[in-house]
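1. starting from these lines, generate the structure:
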Amino acid sequence: MGEPQIPFTRAQARAAGLTNHQVDAQLAAGTWLAVRRGILYPVPESGTDLVAPHLDIPVAVRAALLASPNRDLVVSHATAAQLLGLPRPLAGWPQPHFTATSGPTRRRGGVQIRVAALPTVEVVEYQGIYLTSPDRTVADCLRTLPGRDGLAILDAALHRHLVTTASVASALQAQAGWPGVAIARQVLALADQRRESPLESWSAWAFAHTGVPTPEWQVEIYEPDTGIFIARGDCWWPGGVIGEADGRSKYALAAAERGGGGKAVFEVLQAERRGGKTQGGVEKPPVI
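-> Predicted coordinates:
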């Protein structure tokens, strides 16, 4: 059937010349998957990769869009954050979320469709589909995700200069009266673009809710007399207490921002060993 859209509908398979029997034979043989009712997808060579080749969009998202051809759905909330490469919530990515400006809300079949105002300025195009802008995406995540996860997404978006605290505050102002806005503003007050990993953001959330004083983030330590660089700490409290938020998530996120792969991980580790530089290569003043 040539080059079908991936994923594609049973109707598209028939339009390409296949009979229902031939479609069923492909499904029975395991060469195609039914990712949703009437939505088909060729099984990748690995048998496990459910991201369409050459695309960064999960098949579940494209399948949901194909299953709703008569609605103008915009990928939103945590699903938009996923496509923007923002940190995954601790409990994993929720079911695909979409926003529409009209029609019924829906929460079944592994998909959630919310109905809300969606100005054109808050919609961007991405690989042939539409998703909410970074500001709107972060605001929606702050309202609907657990605070720790909203903070991780917010910090990462700030760190990558996708948003500013002012732009997210403006997006929340436009959502005044919506569920979760009050909590979202509390999370926004904890934001810090210096944090470099979800683990650091989750730690900051824990500090704020267990009475631990707020530290300084990404502090470089220098020998006071010679100015020789000693170390770089993830967080620092007056009195000389250094905190380190390490773990695979820290390096995986940084590597992903460099394009992923073993080489990227190696570059991240080498950059941390060298120390002495902050984001963008700007040196901090000596701190001790």
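2. mind listing the helices for the chain?
-> 10-15, 20-29, 59-66, 77-83, 134-144, 147-159, 165-174, 181-188, 198-210, 248-257, 261-274 (DSSP state H).
3. dump these to CSV, plus mean neighbour count.
-> In this view, the C-beta of every residue, glycine as well, is placed from N, C-alpha and C. Listed next are the helices of the chain as CSV, based on neighbours: other Cβ atoms under 10 Å:
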stretch, mean neighbour count
helix 10-15, 15
helix 20-29, 12
helix 59-66, 24
helix 77-83, 25
helix 134-144, 27
helix 147-159, 25
helix 165-174, 17
helix 181-188, 18
helix 198-210, 19
helix 248-257, 17
helix 261-274, 12
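4. have a look at this structure and report its longest strand.
-> Longest strand of the chain, by residue count under DSSP state E: strand 229-237.
5. ok, back up a step: looking at the helices of the chain, which is closest to Gly227?
-> With Cβ to Cβ as the criterion, Gly227 lies closest to helix 261-274 of the helices of the chain, at 17.0 Å.
6. pLDDT (mean, whole number) over that closest one?
-> Taken as a whole, helix 261-274 has a mean pLDDT of 55.
7. low-scoring pLDDT stretches of this protein, where are they?
-> Within the chain, the ranges that satisfy pLDDT under 70 run 1-13, 32-56, 231, 246-288.
8. work out which residue lies at the spatial centre of it.
-> By Cα atoms, centre = their mean, the chain has its centre lying nearest to Leu86, at 2.6 Å.
9. mind listing what that residue touches?
-> The neighbours of Leu86, taking Cβ atoms under 8 Å, 6 or more residues apart in numbering as the test, are Thr137, Val138, Cys141, Ala152, Ile153, Ala156, Ala157.
10. would you check that Ala169 makes contact with Val187?
-> No. Taking contacts as Cβ atoms under 8 Å, Ala169 lies outside contact range of Val187: 11.5 Å.
11. so how far is Ala80 from the residue nearest to the centre of the chain?
-> 9 Å (Cβ to Cβ, to the nearest Å).
12. anything in contact with each of the two?
-> Thr137.
13. what about Val138, distance to Pro94?
-> For Val138, the distance to Pro94 - Cβ to Cβ - is 16 Å.
14. give me the neighbour count for Thr120.
-> For Thr120, the neighbour count with other Cβ atoms under 10 Å is 6.
15. and the helices of the chain: which comes nearest Arg108?
-> helix 59-66 (11.4 Å).
16. related to what we said a few turns ago, where does the residue nearest to the centre of the chain fall, phi/psi-wise?
-> phi -90, psi 160 (degrees, to the nearest 10).
17. can you check the one 3 residues further on too?
-> Recorded main-chain torsions at Pro89 are phi -60, psi 160, according to degrees, to the nearest 10.
18. quick one, what contacts the nearest residue to it once chain neighbours are set aside?
-> In space, Pro89 comes closest to Asp149 once its chain neighbours are excluded; the distance is 3.9 Å by Cβ to Cβ, 6 or more residues apart in numbering. With contact taken as Cβ under 8 Å, 6+ apart, Asp149 is in contact with Pro87, Pro89, Leu90, Ala91, Cys141.
19. residues touching the second one, list them.
-> Translated: Pro89. Counting by Cβ under 8 Å, 6+ apart, Pro89 touches Ala78, Leu145, Pro146, Asp149, Ala152.
20. re the thing from before, ok, now how distant is the residue nearest to the centre of the chain from Ala176?
-> 24 Å.
21. same check, this time on Phe98
-> Phe98 sits 23 Å away from Ala176 when distances are taken as Cβ to Cβ.
22. got it, and Trp93?
-> Trp93 is 28 Å from Ala176, by Cβ to Cβ.
23. higher neighbour count, these two?
-> Counted by other Cβ under 10 Å, Trp93 and Ala176 do not tie: Trp93 has more neighbours, with 14 against 8.
24. wait, what's in contact with the residue of the chain most remote from its centre?
-> For the chain, the residue at maximal distance from the C-alpha centroid (Cα atoms, centre = their mean) is Asp225, at 43.6 Å. Taking Cβ under 8 Å, 6+ apart, we find Asp225 in contact with no residue.
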